[in-house]
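Q: Show me the folded form of this:
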Amino acid sequence: MKKGKVTGFIHNGITVKNLEDALGFYVDLLGFNLLSTQVANSDYIFDIVEIPGLKEIKIAFVEIPGGQVIEILEYVGIETYPGSARSCDYGTGHICLRVENLESLYEELKEKGVKFKSEKVAHITAGTNKGSKAVYMLDPDGYIIELMEKPE
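A: Numbers count the residues shown, from 1 in each chain. Sure thing, here's the model as predicted:
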């Protein structure tokens, strides 16, 4: 591209069924920092998303330890449907969080009712992340979150 170019990363967005439930998961359970909340109902938001009948979007920005930001969105006033929760389906995404003491965190989160796609913590034996441990879990809406512990 001659005139425009990508210069950095701003945030990742996750659409949820209920913003308050999502904040309970991301802020209260996982310990993300709540940066802000807002209700978007200005003309510009409708121009961006182009969804007929949309009333508003409830939005929260949360910060993961380390500084990355996630925008959590609840679309209001229209019928919504769950996305695919299979990691192999195109259009499906996930975020990967760096953690400490993954086995302990896995057991603690399971005891608190968090659902996991992985039945156990995997020990990575090849590739770029060799020596790491990882597991896939689901947020309350089925969005995939990978937890990874890197070797020391």
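Q: got the CA coordinates for the worst-scoring helix or strand of the chain on mean pLDDT in CSV?
A: One helix or strand of the chain scores below all others by mean pLDDT, DSSP states H and E: helix 43-49, with a mean of 87. Extracted in CSV, the C-alpha atoms of helix 43-49 (Å, rounded to 0.1, in the frame of the first residue of the first chain):
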residue,chain,number,x,y,z
ASP,A,43,-25.4,7.7,14.0
TYR,A,44,-21.7,6.8,13.5
ILE,A,45,-22.1,3.4,15.2
PHE,A,46,-25.0,2.5,12.9
ASP,A,47,-22.8,3.5,9.9
ILE,A,48,-20.0,1.2,11.1
VAL,A,49,-22.0,-2.0,11.9
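Q: List of residues touching that helix?
A: 54, 56-57, 75 (Cβ atoms under 8 Å, 6 or more residues apart in numbering). C-beta here means a position set from N, CA and C on the backbone, and glycine is covered the same way.
Q: those strands in the protein, which residues are they?
A: All strands of the chain, identified by DSSP state E, fall at 12-15, 33-40, 56-63, 69-76, 94-98, 115-116, 122-123, 133-138, 144-149.
Q: Those strands: which one's closest to A22?
A: Smallest distance to A22 across these (Cβ to Cβ): 5.1 Å, for strand 69-76.
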